[in-house]
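Novice: how would this look folded up:
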Amino acid sequence: MRIFPLSFFSSFFLCFTLTGQNLVDGIAAIVGEHVILKSDVAQLVQMTAMEQRLDPRTNIKELEELQSRVVESLINQKLILEIAEVESIDVEDREVDQAVEQYIAQSVSQAGSEERLEGILGKRLSELRREWWPDMREQLIAERYQNQLFSDVVVTRDETVVFYNKFKDSLKTVPTSYNANHIFLSIKPGEESLGEAFALADSIRREIVGGSDFALLAERFSEDPGSAKQGGVLGFVGRGTLVPEFERVAYSLNPGETSGVVKTEFGYHVIETVEVLGDKINARHILITPKAGPKDEDRAYSLGLTIKDSVQTLKDFSLFAKKYSEDISTKDSGGRLGWIDSERFPIENIRKVLPKLDVSVCSNPITVESGFHLLFISEVRKGGKPSLQTHWAEIEGLAVAEKKNDRFEDWLERATSSIYVENFLIKEE
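Specialist: Next up is the predicted model:
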């Protein structure tokens with residue numbers, strides 16, 4: 001199942017007390033050989049609530065309904081996975097790796113920064129990659145089977161017209177949409193910021209060597225949210241679990257020995273190996289993450305202005321996106337976002353400026369928490385009440401979705417007759 005790793009607010013979890021359910025631990029549902037955990041449900045509800053901008057303090061009923069829909073969706077996905085596994089549908093590891101990286105990039109973008117995402121979830125990105133990998137594999141398998149199931153579903157022009165005439169009174173207003181490409185420039189710590197972080201990590205190391213308590217210093221200084229409160233202890237891990245630079249040092253230390261300052265993609269570490277058990281080690285560490293300063297922000301902004309002044313066409317913009325953009329999910333496509341709108345796009349500052357942007361002109365750098373975005377709008381599609389004349393593509397897409405849904409309902413009825421399904425959350429309500 002797909003895990004959506006974004007938090008709303010900590011108060012979000014209050015909404016679950018409405019039904020008296022503990023969605024942190026325990027089983028939410030069983031589908032054949034697969035188990036859906038309550039924590040999985042909670043994470044997906046969190047993400048969807050944030051996207052829909054639901055406030056747990058006021059949108060109580062909507063959140064209860066959302067939880068029911070999320071559980072039903074996860075059950076349906078597990079049903080698809082059950083059948084897909086029987087039919088030996090599989091995906092390659094490289095496909096899973098790529099999907100995980102794209103999802104992490106999307107999650108970081110929505111959270112605002114890597115640090116904020118890690119702080120929200122209480123885990124490093126390396127831990128999240130390991131946790132999400134098997135879930136992403138299951139999702140890709142289910143999607144591949146679903147694509148096969150619906151590959152021949154199309155609608156004729158007449159079917160689209162019939163659909164429109166049947167549902168036109170209930171169709172929602174279509175928002176104005178923008179065909180957009182973007183470039184994301186992160187604010188990276190420069191040499192001065194890196195030097196300050198190294199100096200702090202080294203001073204902490206010297207304190208430890210001088211006899212200070214490692215655990216207390218970890219609780220006070222470490223910026224690893226997953227281990228700081230445990231005195232920096234990571235627990236027993238095997239080879240290949242930790243990032244290479246960290247792992248090489250940790251495995252080279254004797255129990256009780258403290259390392260020098262070790263640099264990884266996450267920052268500067270002071271490492272101590274606590275215990276060795278066979279090929280596994282229990283290590284603890286203190287992480288100091290370099291912080292970008294005003295000079296670093298100015299440097300990123302200046303690069304954005306230089307790119308803006310150099311772009312004359314969409315082709316120019318795409319070339320700069322491939323060279324400079326740090327959004328790996330769109331970089332290779334020239335920063336292509338496709339059609340987006342100012343109501344549902346996840347980044348608030350971009351939602352605000354979309355209606356103000358000129359077509360075929362590169363925007364000024366748009367500030368977000370972790371950096372700057374440049375946007376290039378190549379086309380605008382006006383919103384309003386859907387009509388066959390102005391919104392044919394959208395209406396045709398809805399007609400196809402309706403036809404797919406009808407087929408899926410038939411498939412689902414047959415599948416549930418042969419696969420054991422139990423939803424425990426219904427019993428708890």
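Novice: Quickly find the element holding the residue positioned nearest the centre of the chain.
Specialist: Nearest to the mean C-alpha position of the chain, by CA atoms, centre = their mean, lies residue 107 at 2.6 Å. Following DSSP states H and E, one finds residue 107 within helix 93-111.
Novice: Could you pull up the residues touching the nearest residue to residue 176 once chain neighbours are set aside?
Specialist: Closest residue to residue 176 apart from its sequence neighbours, by CB to CB, 6 or more residues apart in numbering: residue 383 at 4.0 Å. The C-beta positions use only the backbone N, C-alpha and C, and glycine is treated the same way. Residues in contact with residue 383 (CB atoms under 8 Å, 6 or more residues apart in numbering) are 173-177, 341.
Novice: what is the orientation angle of the helix or strand residue 45 falls within with helix 93-111?
Specialist: Assigned by DSSP H and E, residue 45 belongs to helix 38-51. With axes from the mean of the first three to the mean of the last three CA atoms, to 10 degrees as the basis, helix 38-51 and helix 93-111 are set at 50 degrees to each other.
Novice: Low-confidence ranges, the stretch 251-400 of the chain, go.
Specialist: Scanning the stretch 251-400 of the chain for pLDDT under 70 picks out nothing.
Novice: all helices in it, in order from the N-terminus.
Specialist: Taking DSSP state H, counting those that start in this stretch as the test, the helices found in the stretch 251-400 of the chain are 294-310, 314-324, 348-353, 392-416.
Novice: Show me what the first one is in contact with.
Specialist: It stands for helix 294-310. 183, 185-190, 192-193, 316, 320, 324, 362-365, 371-372, 374.
Novice: Nearest residue to residue 320 in space, please, no chain neighbours.
Specialist: Closest to residue 320 by CB to CB, 6+ apart is residue 307, at 5.0 Å.
Novice: So residue 388 sits against residue 395, correct?
Specialist: Yes - applying CB atoms under 8 Å as the test, residue 388 and residue 395 come out as touching, 6.4 Å apart.
Novice: Of those two, which one has the most company?
Specialist: residue 395 (22 against 14; other CB atoms under 10 Å).
Novice: before we move on, the earlier item: what does the average pLDDT come to for the helix or strand that comes right after the helix holding residue 45?
Specialist: Using DSSP H and E, the helix or strand that follows helix 38-51 in sequence is helix 60-86. On average, the pLDDT along helix 60-86 is 84.
Novice: Which neighbouring elements make contact with helix 60-86?
Specialist: strand 27-31, strand 34-37, helix 38-51, helix 125-150, helix 392-416, strand 421-423, helix 424-428 (3 or more CB pairs under 8 Å, 6 or more residues apart in numbering; DSSP states H and E).
Novice: And that helix, what's buried?
Specialist: Buried residues in helix 60-86, defined by neighbour count with 16 or more other CB atoms under 10 Å: 63, 66-67, 70-71, 74-85.
Novice: where does the stretch 101-250 of the chain dip in pLDDT?
Specialist: Ranges of the stretch 101-250 of the chain meeting pLDDT under 70: 109-112, 120-121.
Novice: So what's the residue count around residue 46?
Specialist: There are 23 residues near residue 46, going by other CB under 10 Å.
Novice: Residue 169 versus that one, what's the distance?
Specialist: 34 Å (CB to CB, to the nearest Å).
Novice: what's the answer for residue 162, then?
Specialist: Counting by CB to CB, the gap from residue 162 to residue 169 is 14 Å.
Novice: Please say which of the two ends up with more neighbours.
Specialist: Neighbour totals were compared for residue 162 and residue 169, and residue 162 leads with 13 against 6 (other CB under 10 Å).
Novice: Please tell me how far the more buried one sits from residue 126.
Specialist: 52 Å.
Novice: Contact partners for residue 205?
Specialist: Here residue 205 is in contact with 258-261, 270 (criterion: CB under 8 Å, 6+ apart).
Novice: Select only the buried ones of the residues you listed in ChimeraX?
Specialist: Typed into ChimeraX, the line below selects the buried ones among the contacts of residue 205, using 16+ other CB under 10 Å:
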select :258,259,261,270
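Novice: Report the angle between the very next helix or strand once past the helix holding residue 107 and helix 38-51.
Specialist: Going down the chain from helix 93-111, the next helix or strand is helix 114-121, by DSSP H and E. Angle of helix 114-121 versus helix 38-51, following the same axes, to 10 degrees, is 130 degrees.
Novice: Point out the other helices and strands that helix 114-121 packs with.
Specialist: Short answer (3+ CB pairs under 8 Å, 6+ apart): helix 114-121 packs on helix 93-111, helix 125-150.
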